[in-house]
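1. I would like to see how this sequence folds:
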Amino acid sequence: MRDDMFKVIVERPRWGVHKAPRAKLRRDKFPDRSFVGIRRQAWETCAWTKHLNENLAPLRRYLHKQVGRQWNDVFSDICKNLDTGSTVKMHVREHIEDFVMVRISFDRQGNWLGQGKWGGPSAPHCWWPDLYVDPFDGTVKLTKPLLQSLGLKTRDETRRSASYTPSRYGTGTFACPDIRLLPDNRLYVKRKGCWFIYQLDQEPTEDPWDLLEKLLSDTSQDYGAWQIMSQRQLSKKELKQAGLKNGIEGDHV
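-> Residues are numbered from 1 along each chain as shown. Alright, predicted model coming up:
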């Protein structure tokens, strides 16, 4: 691992730093309310907010190059450059399990179970990481061959087989109510209660939930073949024409 890996990953301008406006707290967007807290009103008023924009692609590429190596040796190399004496370096180490399933066990029937960062144990077809640590020999391996040997589909294959096609966002088993696909590679996307229109350079092929996550976290440059050409919030007239309505986040109208 390169010595400056933590700098490559963390030293990147925060997304939205030049776009996030100041909250105009003098006027409430919902005049029917008798009271609203300042923090909530600021959160509702600002459609653009600042958040972290880490470049995790170098870490992902490094881990994929370690396929076939002992995980103890790989983690030892990581610890040499990412020690526990720095908060920034510790933050980078927390992202390791986003790409490698390390904690693996078996149930009473002998089925594989992986313990990720979030939630409880899950079966291999629900794993997010593309890599895992083989509990038998301790080496780093690709997850997809394991799924093929167990006769299981990957997470993406399972979603694609559930009556989903990119031209039908908003329908199907895994429909996402916060995305509406339009002609000419355009999208209506709801973020923090407000509807925006996105213009992409090509039609996305991801599952709608994955696509929404990328659009809201701005990770499309690292993981997607498409790029965002433009984006803006819909006007009142456009909202009325599209049959949409702004509101509190979580309202799928």
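2. could you tell me the end-to-end distance of stretch 130-150?
-> 16 Å (C-alpha to C-alpha, to the nearest Å).
3. er, stretch 93-103 actually
-> Taking C-alpha to C-alpha, stretch 93-103 runs 15 Å from one end to the other.
4. which residues touch it?
-> 9, 54, 56, 59-60, 63-64, 71, 75, 78, 82, 114-117, 127-133, 140, 143 (C-beta atoms under 8 Å, 6 or more residues apart in numbering). Yep, even glycine has a C-beta here, placed from its N, CA and C like the rest.
5. which ones among the residues you listed map onto helices?
-> Secondary structure assignment (DSSP state H) places 9, 59, 60, 63, 64, 71, 75, 78, 143 from those within helices.
6. and for the fourth one, the neighbour number?
-> Translated: residue 63. Residues lying near residue 63 (other C-beta atoms under 10 Å) number 20.
7. got the domain boundaries for this structure?
-> Domain segmentation of the chain under automatic domain parsing yields 57-152, 166-242.
8. out of those domains, nearest to residue 35?
-> Taking C-beta to C-beta, domain 166-242 is the member of the domains of the chain nearest to residue 35, at 18.2 Å.
9. would JSON lines of the domains of the chain with mean pLDDT and distance to residue 40 be doable?
-> JSON lines is the format used below for the domains of the chain (pLDDT from 0 to 100; distance: least, C-beta to C-beta, whole Å):
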{"stretch": "domain 57-152", "mean pLDDT": "87", "distance to residue 40": "26"}
{"stretch": "domain 166-242", "mean pLDDT": "75", "distance to residue 40": "11"}
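10. which one, of those, ends up nearest to residue 33?
-> Using C-beta to C-beta, the domains of the chain put domain 166-242 closest to residue 33, at 13.8 Å.
11. residue 177 - that's part of a helix, no?
-> No - using DSSP: H, G, I helix; E, B strand; the rest coil, the assignment for residue 177 is coil, not a helix.
12. that one: how many residues sit nearby?
-> Applying other C-beta under 10 Å, we find 14 residues neighbouring residue 177.
13. returning to what we had before: just the buried residues out of the contacts of stretch 93-103, in PyMOL syntax.
-> Restricted to buried positions by 16 or more other C-beta atoms under 10 Å, the PyMOL selection for the contacts of stretch 93-103 reads:
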select buried, resi 9+54+56+59+60+63+71+75+78+82+114+116+127+129+130+131+132+133+140+143
